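Colleague: here is the input, now give the coordinates:
(one chain, ligands or ions: 1)
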Amino acid sequence: MKMASLGVTLLVGVCLVMLATACEQGEEEATATASPMATGSPRATATATATATATATAIASPTASPPPTPTPPATTPTRTPTALAEAIPTPTRTVAAEATPTPTPSVAGTPSLTPTATAYGGIELCPGDDRAVALLVDPSLLSGIRSSLDQFETDLCSEGYAVIETVSDFAVPPDVRAHLAELYMQTEEHVVGAILIGDLPHPYQWVTLTSANPDIPPSSEEAISFQYYADLDGTFEASPGYASPGGHPYSYDVHGGDVDWEIWIGVLPPYLGDPASTAEAINRYFGKNHAYRAGEYDLPRSFLQVNEHFKAETQEDHTSFLNALRSGQYAWTPFSDAPNTHLYFDSPFGGLSVDQGYADLSAGVADFTVVDAHGYWGASGKLDIAWVDSNPVGTAFFWSNGCAVGDLDHADNFLTSALYSPTSMVLVAKGTTNDSGGMGTNENGFFGHNVATSLSLGESFGEAMLSHVNVPLIPPWADSREYHYATSVILGDPTLRLQP
Ligand SMILES: [Ca+2]
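Modeller: Residues are numbered from 1 along each chain as shown. Have a look, this model is predicted:
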């Protein structure tokens, strides 16, 4: 029939492009008004400064492996303003963790595995090698999660990460960003990512989707932006005349400078809006995280994808959809074309259905699951909060391309429930905070292909995300970079990787 004869091209072009890529143009506003930060080489400057300041900090250099020998500056190191420092808005309120960073004498050469206070208020728990993870902990949660957090930190240390724990009641987003930027500099850029535990402030971005099709008017929206914490040396500004539609005091419509992400951000958000439920959920989370690392997860290394947009009306549709999911332009290769992959959509011709796919999710047939469906804060397609609360969610990595499934402004939201539900094995949950569904196609290919490729090479989830984000998007996605990236959110622990 006519609809069906449009075939896979249109459906991929519409469904995936309406969701995965869909929200896929725009952001001209941000690029057009790129700030003066774009000049020069912010990254290089930041490196030089990190080097210059590192010796003044109390962060113990691992004595087992000599610190990288930086090229000394030609002149006496001074704490000159740098691109990174300039990019950090001045915190409006001083919080405990950001007390004036008084450099204390380094415990030069004294090997110690005991926690070391950093000059910036964090506590470094193990020296690590060349990678550090920052954990920012909501102080109101700490007593309720202390022992399971200790276990998590021990696990990270065992994997070779230095762990820097900061317990602070960060008042506003610029405080969080300034703290992360300072840790990044002080560790000579060894911080690879940060996990925000509990109720930390949300920054916002105003992003615009402009279609390549002139008949489709552009649409704009305000979204929680964890990109604000991932890009530590770019600039986020509110242009004259911009007012946050949601009345958020830290909302930005212009992102400029070096927009690449220096670090990944993972979030362990509040659960159900109350402290007791949150502490219980985080303890449960660290428990299953430890079990996964200990090899106690009984999930096959396999890929499950359920696409609610594809509805085969002919045998030809069926074959086309299957081929598209397995190896098409928007396929999650090399996951999707592996022999033991599970691909589902509604098709009376091939005996496949979306419901079978979700039954497979409950049965635990795969450690990595992708869902393509319409979404909102309460549901990802046919999966809603009640479903993940009452059915086993048998996968370790859960990626929804549904719009807004991770809108953390709703205390009760689908992605958080998918992570925390007592019936869920999920350790990393990817979604968006507003109506963008996907992350575009860059010079290496479709985002799903890029993420699957990186994970297959043994990279962590966070590394896989950075490997996509920090490669330039191609047209038309390049025009809507902010729309794709500002809205992206990772719940859980991005240090995790696939198990063999
Ligand atoms: Ca950057």
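
Colleague: can you map out the strands along the stretch 201-350 of the chain?
Modeller: Along the stretch 201-350 of the chain, counting by DSSP state E, counting those that start in this stretch, strands occupy 204-209, 219-224, 235-237, 251-252, 254-256, 264-268, 303-311, 342-346.

Colleague: mean neighbour count and distance to residue 365 for those - can I get that in a markdown table?
Modeller: Where you see a C-beta, it was placed from the backbone N, CA and C, and this is true even at glycine. Converted to a markdown table, the strands of the stretch 201-350 of the chain look like this (neighbours: other C-beta atoms under 10 Å; distance: least, C-beta to C-beta, whole Å):
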| stretch | mean neighbour count | distance to residue 365 |
| --- | --- | --- |
| strand 204-209 | 26 | 35 |
| strand 219-224 | 20 | 32 |
| strand 235-237 | 23 | 42 |
| strand 251-252 | 26 | 42 |
| strand 254-256 | 23 | 40 |
| strand 264-268 | 25 | 25 |
| strand 303-311 | 24 | 6 |
| strand 342-346 | 23 | 6 |
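
Colleague: CSV for these, including mean pLDDT and distance to the ion?
Modeller: Putting those into CSV (pLDDT from 0 to 100; distance: least, C-beta to the ion, whole Å) gives the following:
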stretch, mean pLDDT, distance to the ion
strand 204-209, 94, 15
strand 219-224, 94, 19
strand 235-237, 98, 10
strand 251-252, 98, 14
strand 254-256, 98, 10
strand 264-268, 98, 12
strand 303-311, 98, 31
strand 342-346, 98, 36
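
Colleague: output stretch 265-284 as PDB, nothing but the C-alphas.
Modeller: Taking Å, rounded to 0.1, in the frame of the first residue of the first chain, the C-alpha atoms of stretch 265-284 are listed here in PDB:
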ATOM      1  CA  ILE A 265      28.600  13.400  33.600                       C
ATOM      2  CA  GLY A 266      26.700  10.600  35.400                       C
ATOM      3  CA  VAL A 267      23.700  11.300  37.600                       C
ATOM      4  CA  LEU A 268      22.300   9.400  40.500                       C
ATOM      5  CA  PRO A 269      19.200  11.600  41.000                       C
ATOM      6  CA  PRO A 270      16.700  11.800  43.800                       C
ATOM      7  CA  TYR A 271      14.000   9.100  43.700                       C
ATOM      8  CA  LEU A 272      10.300   9.800  44.300                       C
ATOM      9  CA  GLY A 273      11.100  13.100  45.800                       C
ATOM     10  CA  ASP A 274      11.900  11.900  49.300                       C
ATOM     11  CA  PRO A 275      15.200  11.400  51.100                       C
ATOM     12  CA  ALA A 276      14.400   7.900  52.400                       C
ATOM     13  CA  SER A 277      13.500   6.500  49.000                       C
ATOM     14  CA  THR A 278      16.500   8.200  47.500                       C
ATOM     15  CA  ALA A 279      19.000   6.700  50.000                       C
ATOM     16  CA  GLU A 280      17.300   3.300  49.700                       C
ATOM     17  CA  ALA A 281      17.500   3.500  45.800                       C
ATOM     18  CA  ILE A 282      21.100   4.600  45.800                       C
ATOM     19  CA  ASN A 283      22.100   1.800  48.200                       C
ATOM     20  CA  ARG A 284      20.400  -0.700  46.000                       C
END
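
Colleague: contacts for it?
Modeller: Contact with stretch 265-284 is made by 140-141, 144-145, 148-149, 193-199, 226, 229-230, 285, 408, 411-412, 416, 420, 422, 428, 462, 489-494, as judged by C-beta atoms under 8 Å, 6 or more residues apart in numbering.

Colleague: narrow the residues you listed to just the buried residues.
Modeller: Among those, those scoring as buried are 141, 144-145, 148-149, 193-199, 226, 229-230, 285, 408, 416, 420, 428, 462, 489-494 (criterion: 16 or more other C-beta atoms under 10 Å).

Colleague: now intersect those with the helices, please.
Modeller: 141, 144-145, 148-149, 229-230, 285, 416, 420, 462 (DSSP state H).

Colleague: to residue 366, which of the strands of the stretch 201-350 of the chain lies closest?
Modeller: strand 303-311 (3.8 Å; C-beta to C-beta).

Colleague: now that closest one against strand 342-346, angle please.
Modeller: Angle of strand 303-311 versus strand 342-346, following axes from the mean of the first three to the mean of the last three C-alpha atoms, to 10 degrees, is 20 degrees.

Colleague: and strand 303-311, what does it pack onto?
Modeller: Strand 303-311 sits against helix 315-327, strand 342-346, helix 354-363, strand 368-372, with contacts defined as 3 or more C-beta pairs under 8 Å, 6 or more residues apart in numbering; DSSP states H and E.

Colleague: just those: most buried one?
Modeller: Greatest average neighbour count among those goes to strand 368-372 (a mean of 26), per mean count of other C-beta atoms under 10 Å.

Colleague: in its sheet, what does it sit against?
Modeller: The pairing partners recorded for strand 368-372 under DSSP bridges are strand 303-311 (parallel), strand 397-400 (parallel).

Colleague: can you count the residues close to residue 210?
Modeller: 21 (other C-beta atoms under 10 Å).

Colleague: from the ion, how far off is it?
Modeller: Remark: distance between residue 210 and the ion (C-beta to the ion, to the nearest Å) = 24 Å.

Colleague: could you give the number of residues near the nearest residue to that residue once chain neighbours are set aside?
Modeller: Using C-beta to C-beta, 6 or more residues apart in numbering and skipping residues adjacent in sequence, the residue nearest residue 210 is residue 218, 3.9 Å away. Number of residues near residue 218 (other C-beta under 10 Å) recorded here: 13.

Colleague: equivalent analysis for residue 480, please.
Modeller: Residue 480 has 29 neighbours, counted by other C-beta under 10 Å.

Colleague: quick one, phi/psi of it?
Modeller: Main-chain dihedrals, residue 480, degrees, to the nearest 10: phi -130, psi 30.

Colleague: correct me if wrong: it contacts residue 210.
Modeller: Yes - judged on C-beta atoms under 8 Å, residue 480 makes contact with residue 210 at a distance of 7.1 Å.

Colleague: residue in the stretch 301-450 of the chain nearest to the ion?
Modeller: residue 442 (16.1 Å; C-beta to the ion).

Colleague: now the helices for the stretch 51-200 of the chain?
Modeller: Along the stretch 51-200 of the chain, counting by DSSP state H, counting those that start in this stretch, helices occupy 83-87, 139-158, 173-186.

Colleague: any chance of these in CSV, with distance to the ion too?
Modeller: Below are the helices of the stretch 51-200 of the chain laid out as CSV (distance: least, C-beta to the ion, whole Å):
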stretch, distance to the ion
helix 83-87, 8
helix 139-158, 24
helix 173-186, 10
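
Colleague: out of the ones you listed, which is the most enclosed?
Modeller: Per stretch, and counting mean count of other C-beta under 10 Å, the top mean among the helices of the stretch 51-200 of the chain goes to helix 173-186, which has a mean of 24.

Colleague: what angle sits between that helix and strand 264-268?
Modeller: Helix 173-186 runs at 130 degrees relative to strand 264-268, counting by the same axes, to 10 degrees.
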